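Novice: Mind looking at a prediction? Sequence and model below.
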Amino acid sequence: MNTTLKSANLISLNNNPENNMPNSQPSLALIKPTNKLNQLNQQQKKAIAKIYVEQAWIYYQGSCWHEAILACKNCLRLNPHDADAYKILGNILIKKGKKAEALGVYAKALEINPNSAPIYANLGSFYAEQKKWQESLNYYQQAVIIDPDLAGAYRSLARIWEELGDSKQALECLCLAVKLEPEKLSASEYFSFGDRLYQEGKLAEASIFYIHGIELNPHAPTQLSKLVKILEELGEWEQAVDFYHRLMSISNQQSADENLALTKPIKHLLSKSKSTTNNNPVVEQLAQVPPLPNNTPQPDAKSAKILPSSPIAKQPNSAVSWNNLGNSYGQKQQWVKAISCYQESIALNPHLIQTHRNLAKVYSKIGKKDQAILCWYEAFNLEPDLVKPQEHFSLAKHLVQLRQVDKAIACLRHSIQLNPNFNQAYLALGKLLTSQGKTEEAKACYAKVTGQKSPSSQLQIVKSQGKLVEEK
């Protein structure tokens with residue numbers, strides 16, 4: 001203990017420090033002890049000592065070494081066991097190139113407070129400057145064990161692990177550092193390093209850097225597309241959906257800007273001038289529909305498969321992309337959001353059969369069978385040749401129950417085209433045509449049926465078999 005105190009006493013101090021101050025007014029750091037201080041109790045002395053430590057730290061940050069040293073000495077006079085004062089003294093000695101004395105002071109600080117993470121970190125920096133990587137590594141690791149939120153120590157560990165040739169450990173420490181203090185890097189730096197990690201096949205780490213970059217620069221569609229693709233590959237559907245919404249919001253805004261530039265060029269020019277002045281462009285985000293309760297049944301995996309070509313990056317506002325987004329919501333059992341996405345897809349391209357099928361399946365999952373039937377009709381009607389005759393006939397039965405007679409007739413016609421010998425379909429079609437007053441066409445349907453004597457007996461056979469529910 002005496003040795004370390006002697007190390008601290010190696011600091012050269014002026015016997016008359018007032019002469020070294022920029023003005024003649026007394027400083028709090030220069031208050032001399034009086035008999036009144038001896039009358040303070042221990043608790044009061046520690047409280048006053050902490051004030052001197054705060055003053056020393058302010059002087060230290062301003063590179064006022066002499067004043068900082070005096071403040072530390074005033075602190076230690078009142079409380080010889082203040083580890084923070086020794087830490088500041090050690091830092092000053094390092095700055096002044098007195099490394100041996102600094103080590104002694106750091107040792108004294110750890111003797112008083114063996115759980116001081118900043119002191120271990122300072123020792124790690126001390127050995128790192130001398131390229132003693134293993135010693136530096138040990139001290140930094142001790143620092144983060146004591147304080148897992150010490151971001152600077154993680155950054156230093158990343159550099160040291162890289163020096164030691166362990167890139168995996170280095171990257172892990174870097175990811176921890178940016179998670180704790182993301183503002184230390186710029187958006188372009190995050191994107192650049194994220195690109196490198198993605199090329200190396202480190203998808204999880206790349207996603208971390210892209211996410212931090214986008215938080216700093218939310219209007220980067222290229223990087224958003226890459227991030228969505230990475231999250232899809234990782235199977236992180238919920239995050240992928242969130243960032244996909246942001247991507248489409250930007251795409252919609254860009255489309256609106258392009259349209260405004262064509263139709264109202266003066267307004268477009270002035271709006272750009274205003275946004276540049278404010279330097280705070282606002283992009284509206286798509287409203288998200290609240291999810292249904294978690295006890296809703298799980299969709300079929302086959303009906304919610306993301307297309308492997310990942311069209312999100314190519315056409316963020318295409319019907320296929322909206323369909324894929326709906327599939328993502330479906331896999332997370334967020335049915336209302338899935339329905340909204342499928343409807344958006346159909347609005348962009350009403351001829352996408354798979355979207356109609358997916359929407360029908362979701363409606364069935366949540367018990368909305370009437371809407372499901374109408375969606376199945378749209379899907380069947382787009383490519384009727386790919387549907388079995390019996391499926392068209394069965395759908396016609398449900399459509400009759402919904403009083404969708406015209407749609408039921410269309411389904412029955414598809415059944416007959418695919419199977420010209422489908423007698424039940426002829427009978428059902430004849431009945432529906434008769435209800436619409438199309439007697440001649442109805443007779444032609446009945447005539448196709450062999451082995452029946454009258455339309456009434458033919459219809460009775462169909463009804464008795466339960467194949468068609470008569471319109472009420």
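Specialist: Yes, it's here. Numbers count the residues shown, from 1 in each chain.
Novice: Give me the number of neighbouring residues for the closest residue to Ile48 other than its chain neighbours.
Specialist: Once flanking residues are discounted, Ile48 sits nearest to Leu78: 5.6 Å by CB to CB, 6 or more residues apart in numbering. The C-beta positions use only the backbone N, C-alpha and C, and glycine is treated the same way. Other residues near Leu78 come to 21 when the count uses other CB atoms under 10 Å.
Novice: likewise the one 10 residues further on?
Specialist: The burial metric for Ile88, expressed as a neighbour count using other CB under 10 Å, is 23.
Novice: residues touching Ile230, list them.
Specialist: Ile230 makes contacts with 198, 203, 206-207, 210, as judged by CB atoms under 8 Å, 6 or more residues apart in numbering.
Novice: and if you look at Leu123?
Specialist: So, once contact is read as CB under 8 Å, 6+ apart, Leu123 ends up touching 103, 106, 139.
Novice: Just give me the closest of those residues to Phe380.
Specialist: Within the set of the contacts of Leu123, Tyr139 lies nearest Phe380; the separation is 71.4 Å, counting by CB to CB.
Novice: so where does that closest one fall, helix or strand?
Specialist: Mapping Tyr139 onto the secondary structure by DSSP states H and E places it in helix 133-146.
Novice: try Pro420
Specialist: Assessed by DSSP H and E, Pro420 sits outside every helix and strand.
Novice: Give the phi and psi angles for it, as a check.
Specialist: Backbone torsions for Pro420, taken as degrees, to the nearest 10, come to phi -60, psi -10.
Novice: any idea how far it is from Thr439?
Specialist: Spatial separation of Pro420 from Thr439 under the definition CB to CB, to the nearest Å is 22 Å.
Novice: Flag the shaky bits of the stretch 351-472 of the chain, pLDDT-wise.
Specialist: Across the stretch 351-472 of the chain, the stretches falling below the confidence threshold (pLDDT under 70) are 450-472.
Novice: What of the chain?
Specialist: For the chain, counting by pLDDT under 70, the residues that fall below are 1-38, 251-317, 450-472.
Novice: so what's the spatially most central residue of the chain up against?
Specialist: For the chain, the residue lying nearest the average C-alpha position, counting by CA atoms, centre = their mean, turns out to be Gln239 (4.6 Å). Going by CB under 8 Å, 6+ apart, Gln239 touches 207, 231.
Novice: any idea which element Arg403 lies in?
Specialist: Assigned by DSSP H and E, Arg403 belongs to no helix or strand.
Novice: Next up, phi/psi of it, please.
Specialist: Here the main-chain torsion angles of Arg403 (degrees, to the nearest 10) amount to phi 60, psi 30.
Novice: measure it to Asp84 for me?
Specialist: For Arg403, the distance to Asp84 under the criterion CB to CB works out to 83 Å.
Novice: between these two, who's got more neighbours?
Specialist: When neighbours are counted by other CB under 10 Å, Asp84 comes out ahead of the other of Arg403 and Asp84, with 23 against 10.
Novice: And the helices in the stretch 151-300 of the chain?
Specialist: Counting by DSSP state H, counting those that start in this stretch, the stretch 151-300 of the chain forms helices over residues 151-163, 167-180, 187-199, 203-216, 221-234, 237-263, 265-278, given from the N-terminal end onward.
Novice: export the first one as CSV, just CAs?
Specialist: Taking only C-alpha atoms (Å, rounded to 0.1, in the frame of the first residue of the first chain), the coordinates of helix 151-163 have been written out as CSV:
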residue,chain,number,x,y,z
ALA,A,151,-19.8,-1.1,-25.1
GLY,A,152,-16.3,0.4,-25.5
ALA,A,153,-14.8,-2.8,-24.0
TYR,A,154,-16.6,-4.9,-26.6
ARG,A,155,-15.2,-2.8,-29.4
SER,A,156,-11.7,-3.2,-28.0
LEU,A,157,-12.2,-6.9,-27.6
ALA,A,158,-13.3,-7.1,-31.3
ARG,A,159,-10.0,-5.5,-32.4
ILE,A,160,-8.0,-7.7,-30.1
TRP,A,161,-9.7,-10.9,-31.3
GLU,A,162,-9.0,-9.8,-34.8
GLU,A,163,-5.3,-9.3,-34.0
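Novice: Now do the helices for the stretch 1-150 of the chain: every range, in order, please.
Specialist: Ranges of helices in the stretch 1-150 of the chain, per DSSP H, counting those that start in this stretch, are 2-8, 42-61, 65-78, 83-95, 99-112, 117-129, 133-146.
Novice: Could you dump the helices of the stretch 151-300 of the chain into JSON lines with distance to Tyr59 added?
Specialist: Converted to JSON lines, the helices of the stretch 151-300 of the chain look like this (distance: least, CB to CB, whole Å):
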{"stretch": "helix 151-163", "distance to Tyr59": "21"}
{"stretch": "helix 167-180", "distance to Tyr59": "28"}
{"stretch": "helix 187-199", "distance to Tyr59": "34"}
{"stretch": "helix 203-216", "distance to Tyr59": "34"}
{"stretch": "helix 221-234", "distance to Tyr59": "44"}
{"stretch": "helix 237-263", "distance to Tyr59": "47"}
{"stretch": "helix 265-278", "distance to Tyr59": "40"}
